[in-house]
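Engineer: Pasted the sequence and its predicted model underneath.
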Amino acid sequence: MDNSTPPITPELVAEYGLKSGEYNSIISLLGRTPTLTELAIFSAMWNEHCSYKSSKKWLRTLPTQAPHIIQGPGENAGVVDIGDGEAIIFKMESHNHPSFIAPYQGAATGVGGILRDIFTMGARPIAVLNMLRFGHPNHPITRHLLADVVRGIGDYGNAFGVPTIGGDTDFDEGYNGNILVNAMAIGYAESNKIFYSKANCANIPIVYLGAKTGRDGIHGASMASAEFTNEKKEHEPNIQIGDPFAGKRLLEACLELMKNNAVIAIQDMGAAGLTCSAVEIGAKSNLGIELNLSAIPCRELSMTAHEIMLSESQERMLMVLRPDKEDEAKAIFKKWELEFVVVGQTIAEQRFIVRYQKKVKANLPIKELSNKAPEYDQLWSLPDLPDAIFTLPPSPDHASALSSLLSSPNMCSRRWIWEQYDYLVMGNTVQPPGGNAAVIKLEGSLKGIAACINVTPRYCKADPLEGGKQAVAEVWRNLTSVGADPLAVTDSLNFGNPERPQIMSEFVQCIKGIGEACRALDFPVVSGNVSLYNETLRKEIPPTPAIGGIGLLPDARISATLALKAETDVILLIGKKGEHLGQSIYLRNIHNQNQGLPPRVNLTLERKNGDFIRHLIRSDLLTAVHDISDGGLIIALAEMAMAGGYGATIALPADIESVPGFLFGEDQARYVVTCKTENLFQIVQKAKAANILLTKLGTVEGTTLNVLDTLTISVAELKKGHEKWFYSYMGENQELPDNLDISQENA
Amino acid sequence: MTCKTAILIFPGTNREREMITAVRNVTMCNPIMIWHTETTLPPVDVIMIPGGFSYGDYLRPGAIAARSPIMQDVAKKSQDGVRVLGICNGFQILTEANLLPGVLMRNATLKFLCRNTYLRVERNDTHFTRGYHQKEIIKIPTANSGGNYFVDPLILTQIEKEGRIIFRYCNADGEIDDDVNLSGSLGNIAGIINKNGNILGMMPHPENSIDPLFGGGDGLILFESMLKA
C-alpha cells in the first residue's frame, strides 16, 4: 500500500465533501486510515449526486414496474418494451451546477453525458429534449447564460447528429443564482440486444475506450452535491469539456463493437468518471476490479492517481471485453481513431484495487463502496399551504391580458431556442418542437414515439403534492394530445439543500405526488436523476421536479397537431369549464400575485378524458387537439390559431362562474379540440356514452380571435407579439417569414 | 435504368441516413457506402457527400475531409463526368477541395439555424434540376451554422454569367430579398454547379424533404432528376 500521500486531515476530508461521520464510517469499514486516492474514491462514490443518500428512501416509493417495463431505475437508463421485439431506452439527467459556472460546456456535456447513457446500453439515440430554467430576464447574467446554454446544447446535439425535438424553458427570479439544465435522451434498440453493466466472470480484461483523460471535471460530482457560495469561479476546473466529434465516433464505434458480440459489460464514464464506472461494474457483477492506472491514456503530463480516478473527461467508456474478440475490437476503435487500451481485469475477490506506477494506491471493499454509502432520513414536515380563498382584483381588458400573456417571457414562442437545434437530422421528425409533444417515427416501422417534458414550479412551490401530480398529469396529457399511448416517465428532481427541513418537505411531497399520479395513470418511472443543493447563499430554487415522458403511436401517420386546419371546423372544450385561477399565470403576470392553491389534479378524470381524446384521434374524428395548461382555455385556443393561421369565434357559455376563470383558469384534465361539422354529432354521442363533459364553443373562421362580447384580437397581431419577445430580448431583429413553419407542413 | 450511387462517409458525417433513404426511394437500390480512407471509388454514376460535421468542423468546416484519400478519386471521377452532389457539409467539402469555387463562412447571424427555406430554381436544364420547372419556388429546410456563401467578385460575375447558380434563397413569391437570406450568402446563393455542370453543391437539405410525413416532398424531385436515367 502506498503511504507516501499527504496526511488525511479533517480539512482535507471536508475539502473532499465528506462529513466527519462519513469519514468515521470509512475508517471503521477499512480498519485503517484511507490513502489520498482512497479518500478521493470514497468522496466520488458517497457524494449526494452519485449515492442519492438523502433521496434514496423516497425514490424507493415510486412505481417502477409494469408489464411493458424491461428495465427500471438502476441501470444507465430505463428500457421500455414497445412490442415486436423493439425497445425504447430513455433517461433525463441534470447538469445544473456546471452549466451555471460554464454555461456552454456545462450544457454541451449535459447532452453528451445523457447520450452516452443511452448508447452504453446498445441503443442508437434517436432524439434529445431539454428542460431549462433561467433567472429573471432582467437579471444581469440571464441573457448570457441563456445564449451559451442554448449554443452548448445545439453544438453538441447538432454535431452528434441526433435531433433535439423538444423542451420546456422558463424564467423566474428563483433561478437567479442557480439555473437548471436538464437533458433527456431517447434511444432505440432491439429488446434482446440491450447491454448492461453486469459482467459474469473473473479474469476478463477491462478496456478503456474513447477519448483521453485530462484534469477536467475533477470533483464535478462533489461540486454538484453542494450549494454555491459567492465564489463560483473557483469551480471552473470542475467543469468538463465536451467534444461531440469524439462522442459521435464513440457512438459509432460502440454500436459496431456491440454488433460483433464482443461486449460482456459496458459502462460510460460520467459523474465521478473512472471510479464510478469501475465500481458499478464490479459491484453489480459480484466481482472485484483491478485497475492499472499507468495504462490509462492521459492527455496531460504527470497526473496523479487521484486525479485520474476523479477526472470527468468526456467521451470515455469502460468495457468488459470477451477476450477472444480483442483484435476485432481494437480494429474498430482504430478505424474510428479512438483509444482502446486494456487497463485492468475483473477479479474473483470483491475488492477494488488501483495500482499506479507499481504502487497500490487503493484497495477497498467494492460492494461497500457502492452500496454502503450513508443513507439519510432528512427531517421534513408537512408544508404550510396558502389560503385557497383570495379576492381576484378587477379584471383589465381581456384582449390586452391575452396579448400581454402571449408576448411575455413565460408564454412567448421558444422558436429562438429550438431553431438553433437540428430537429430534423435522422429524417424521422413528424412533429417538430412547438407542439404539444414532439413525434418521431421509428425507422423501418410505422410506429411513432412521442416525447415531452413538463413541470410547473409555481404549483410545486405552493403545494408540492399537487404540483408533483400535475407535472406527471401534464406530461400524460401532452402525449395524449398527439394521439400517443403514454408509456413511462423519467424524472429529474431539482431542489435546494435537503438538510433544510423546508426543502426536504418540498422534495418528499413532490415525490408523493409524482408517485400517486404515476400509479393512477399506469405511467411508471423507469429512470431519473436527483439534483439537490441548487441554492446560493441560502436562496433555493423553486421545487422543480421535471418529468419527461414517452408515448407510443401505433402508426406515426395518425397523430394530431394543435394547429387549426380549416374554416367552419367546430371548436369543442373537453372537460369542465374553467374557473380555477389560484397560482395561475394570469394571476401572476396580469395581477402580479401568487395567491391561492394550484389546481387540483383529479387523476381519474384525467385518465377518462385523456382516453376519450386518444380514441377520437385514432378514429380520425378530430382536426386539431391542444391540452389546456398554463394560461387556460384562451391561451390554448390562441396557440392553435397562431399555429394554423386561422381565426376563431367562440361564445361564453351561460353558466360560467367568471369570465377570467373561464378564459384563463388552469383547471386540469381539459383539452380544446376541433372537428369537421359532419363529425360533431358522432363526437357528442360518444361523449354522452362515455360520460365526458363536452361544450361546443364556436367555429374556426376569419383571421381574428373573437370571444363574443368579450374580446376581439387579430391572430396575426397576437403571433407577432408572441414570436417577437425572444428576438428582441436577445437583441436581434428578425421576423419570421410566413409559411415556413415545418410544423404547419403536417397540418 | 437507374444509377449506381456511392455515398462518402467521414468521421462526423451525420446526414447519411436521409440520403440513403432518398436514394433507395428513387432507385430501389442501396447506395454503396465509401469510407474516407479508401483510395478508389467503385464504378458509379453518382457520388454523394452528405451533411454533418466531418472532423468536428475542426480547422474549417470541410477542410480536413477535403484532404481525405478518397477525395482525389472524387476529383478524378468528376472529370470523367460522374455526377457529384454535396449537401451542407458536403458542399463545404467540395469548396475546400476546389471542386467548386468560393467558401462557406459562418452565418451572418452567427447561429445555427434549422428552418424551412424557399428556394428559387434558377435553371432546370441541369442533371440535378430537370424535374423542376424553370424558376419554380420550392421549400427545402436548412440546418447549418456555416452557409454564408462568399466568392471574390470576379468569379461571382463569371459564375453568374455562366448560369452556374442553381438555387437562391427567396420569399414565398420568389423574390430575392435580404430578409430571407439569413445566412448572408452573396446573391442569396444556396447552391451552385461547376463549369461542366456535373458537380452540385448546396446548403439546404433536399434529403430532409422527401416525404410529406416529415415536412414536405420538394427535395425528392432533385434525387429523381439525378438518379433516374
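Structural biologist: Looks like it came in fine. Residues are numbered from 1 along each chain as shown, chains lettered A, B, ... in the order given.

Engineer: near chain A, anything from stretch B:169-182?
Structural biologist: Yes - for stretch B:169-182, a contact with chain A is found by CB under 8 Å from any CB of the partner chain, at B:171, B:172, B:179, B:180, B:182. Using the backbone N, CA and C atoms, a C-beta is placed for each residue, glycine as well.

Engineer: By neighbours, which of those wins?
Structural biologist: residue B:182 (21 neighbours; other CB atoms under 10 Å in any protein chain shown).

Engineer: re earlier: grab the two from the residues of stretch B:169-182 next to chain A that are most spread out in space.
Structural biologist: Taking CB to CB as the measure, the residues of stretch B:169-182 next to chain A span a maximum distance of 15.0 Å, between B:172 and B:182.

Engineer: What are the boundaries of the strands in chain B?
Structural biologist: B:5-9, B:32-35, B:46-49, B:83-87, B:103-105, B:113-121, B:137-144, B:148-150, B:165-170, B:189-193, B:199-202 (DSSP state E).

Engineer: so what strands line up beside the last one?
Structural biologist: Meaning strand B:199-202. strand B:83-87 (parallel), strand B:189-193 (antiparallel) (DSSP bridges).

Engineer: is it possible to export the ones you listed to JSON lines including mean neighbour count and distance to residue B:132?
Structural biologist: Below are the strands paired with strand B:199-202 laid out as JSON lines (neighbours: other CB atoms under 10 Å in any protein chain shown; distance: least, CB to CB, whole Å):
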{"stretch": "strand B:83-87", "mean neighbour count": "27", "distance to residue B:132": "15"}
{"stretch": "strand B:189-193", "mean neighbour count": "27", "distance to residue B:132": "12"}
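
Engineer: Let me have those strands in CSV, extended by mean pLDDT.
Structural biologist: Listed next are the strands paired with strand B:199-202 as CSV, based on pLDDT from 0 to 100:
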stretch, mean pLDDT
strand B:83-87, 98
strand B:189-193, 98
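
Engineer: give me the element residue A:596 is part of.
Structural biologist: Using DSSP states H and E, residue A:596 is not contained in any helix or strand.

Engineer: ok, residue 36 - contacts?
Structural biologist: Chain wasn't specified; assuming chain A. A:5, A:6, A:8, A:12, A:306 (CB atoms under 8 Å, 6 or more residues apart in numbering or on different chains).

Engineer: think we crossed wires, I meant chain B
Structural biologist: Taking CB under 8 Å, 6+ apart, one finds B:8, B:9, B:10, B:11, B:54, B:65, B:68, B:69, B:70 in contact with residue B:36.

Engineer: Intersect the residues you listed with the contacts of chain A.
Structural biologist: Applying CB under 8 Å from any CB to those, those adjacent to chain A are residue B:11.

Engineer: who wins for neighbours among the contacts of residue B:36?
Structural biologist: Busiest of the contacts of residue B:36 [other CB under 10 Å] is residue B:54, holding 30 neighbours.

Engineer: coming back round to it: of the residues of stretch B:169-182 next to chain A, which is the nearest to residue A:527?
Structural biologist: When the residues of stretch B:169-182 next to chain A are compared against residue A:527 (criterion: CB to CB), the nearest one is residue B:182, at 38.1 Å.

Engineer: so what pLDDT did the closest one get?
Structural biologist: If you check residue B:182, the pLDDT there is 88.

Engineer: what do you get for the one 5 residues further on?
Structural biologist: Residue B:187 carries a pLDDT score of 96 in this model.

Engineer: wouldn't it be in contact with residue B:157 here?
Structural biologist: No - in this structure residue B:187 lies outside contact range of residue B:157 using CB atoms under 8 Å: 10.4 Å.

Engineer: who has more neighbours, these two?
Structural biologist: Neighbour count, other CB under 10 Å: between residue B:187 and residue B:157, residue B:187 has more, with 16 against 11.

Engineer: residues in contact with the more buried one?
Structural biologist: With CB under 8 Å, 6+ apart, residue B:187 has these contacts: B:156, B:160, B:165, B:168, B:176.

Engineer: Output the below-cut-off pLDDT ranges for chain A.
Structural biologist: A:1-5, A:220-225, A:229-237, A:734-747 (pLDDT under 70).

Engineer: Could you pull up the residues touching the residue lying closest to residue A:641 once chain neighbours are set aside?
Structural biologist: Excluding the flanking residues, the one nearest residue A:641 by CB to CB, 6 or more residues apart in numbering or on different chains is residue A:715, at 4.7 Å. Counting by CB under 8 Å, 6+ apart, residue A:715 makes contact with A:638, A:641, A:642, A:645, A:646, A:647, A:703, A:704, A:705.

Engineer: what's the second one in contact with, if anything?
Structural biologist: Yep, that's residue A:641 we're talking about. Applying CB under 8 Å, 6+ apart, the residues contacting residue A:641 are A:564, A:647, A:648, A:705, A:715, A:718.

Engineer: Apart from its neighbours in sequence, what residue is nearest the second one?
Structural biologist: Just to be clear, that refers to residue A:647. For residue A:647, the spatially nearest residue (CB to CB, 6+ apart) is residue A:702, at 3.9 Å.

Engineer: quick one: which of the contacts of residue A:641 sit in helices?
Structural biologist: A:715, A:718 (DSSP state H).

Engineer: Distance to residue A:480 added to the contacts of residue A:641, as CSV?
Structural biologist: Converted to CSV, the contacts of residue A:641 look like this (distance: CB to CB, whole Å):
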residue, distance to residue A:480
A:564, 19
A:647, 26
A:648, 22
A:705, 25
A:715, 26
A:718, 26
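
Engineer: Looking at the contacts of residue A:641, which one is closest to residue A:502?
Structural biologist: For the contacts of residue A:641, the nearest to residue A:502 is residue A:718 (40.2 Å; CB to CB).

Engineer: Is residue A:57 in a helix, a strand, or coil?
Structural biologist: Following DSSP: H, G, I helix; E, B strand; the rest coil, the label given to residue A:57 is helix.

Engineer: burial of the closest residue in space to it that isn't next to it in sequence, as a residue count?
Structural biologist: Nearest residue to residue A:57 in three dimensions, chain neighbours excluded: residue A:377, at 5.8 Å (CB to CB, 6+ apart). Neighbours of residue A:377 under the rule other CB under 10 Å: 10.

Engineer: and if you look at residue A:331?
Structural biologist: 12.

Engineer: May I ask which helix or strand encompasses the residue nearest to residue A:598 when sequence neighbours are not counted?
Structural biologist: Leaving aside its chain neighbours, residue A:598 sits nearest to residue A:459 (3.6 Å; criterion: CB to CB, 6+ apart). Here residue A:459, judged by DSSP H and E, is contained in helix A:457-462.

Engineer: so after that helix, what's the next helix or strand?
Structural biologist: helix A:464-481.
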